[in-house]
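> test case, fold it:
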Amino acid sequence: MAKLKNIVLIGFMGVGKTTIGKRVSAKLKIDFYDTDEAIKKCEKMPVHELLKKKGPRYFEGAQRFAVSTLAQNEGCLISTGGDTVTDSFNVAELKKNGILFWLKASPETVYKNTRYSVSKRPELENITLYELSQMIEKREEFYSTADVVISVDHDSIDDVADKIVQEYNARTNE
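Residues are numbered from 1 along each chain as shown. From the prediction side, this is the model:
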């Protein structure tokens, strides 16, 4: 029997990967995993703290470990950190048994969604909308490796979740 594909959510921070991911996993009655939460559990500190204390190279290793471990699951949903797919190792691991969904948002949507969560996202502190759009633009080449692109700008969380479920079912029930 064929392996059940994973749903992998990618996209910039603040697009709703965790919130939407939890909704999709509830609708499909599948397990939900978050790479940042897996790193936090393993390292016993939040991702932004780990980056500050141990540096980007250490973080990259922790992220690769979390991704390769979670990607071994079947038929689950994996929500990734905003920069997870900037590492080609992670993309390859996630694509082995996953369908990558890019949750795409305008800089305005990201700005609106993240302006009160600077404690969790210190890199966004005092950022202008222009600087944010530059950051998003730099990441788009990495996000474009996704199998499916879904805009989150004008739909409710439930509508986006339904689109993911629909697309997933269409791709796995062939």
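
> so, low pLDDT: which residues of the protein?
1-2, 117-122, 124, 174 (pLDDT under 70).

> in it, which spans are helices?
Secondary structure of the chain (DSSP state H): helices at 17-28, 35-43, 47-70, 88-96, 107-114, 129-143, 157-172.

> list the helices and strands the second one packs on?
Here helix 35-43 touches helix 47-70, going by 3 or more Cβ pairs under 8 Å, 6 or more residues apart in numbering; DSSP states H and E. C-beta: built from backbone N, CA, C; applies to glycine.

> what are the buried residues along the helix it packs on?
By neighbour count with 16 or more other Cβ atoms under 10 Å, helix 47-70 contains the buried residues 47-48, 50-51, 59-60, 62-63, 66-67, 70.

> follow-up on the earlier one: would you turn the helices of the chain into JSON lines with distance to Ile150?
Converted to JSON lines, the helices of the chain look like this (distance: least, Cβ to Cβ, whole Å):
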{"stretch": "helix 17-28", "distance to Ile150": "9"}
{"stretch": "helix 35-43", "distance to Ile150": "19"}
{"stretch": "helix 47-70", "distance to Ile150": "21"}
{"stretch": "helix 88-96", "distance to Ile150": "17"}
{"stretch": "helix 107-114", "distance to Ile150": "13"}
{"stretch": "helix 129-143", "distance to Ile150": "11"}
{"stretch": "helix 157-172", "distance to Ile150": "5"}
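
> of those, which is nearest Lys5?
Among these, helix 157-172 comes nearest to Lys5, with 5.5 Å by Cβ to Cβ.

> which residues does that closest one contact?
4-5, 7, 9, 16, 19-20, 23-24, 27-28, 99, 101, 103, 147-148, 150, 152, 155 (Cβ atoms under 8 Å, 6 or more residues apart in numbering).
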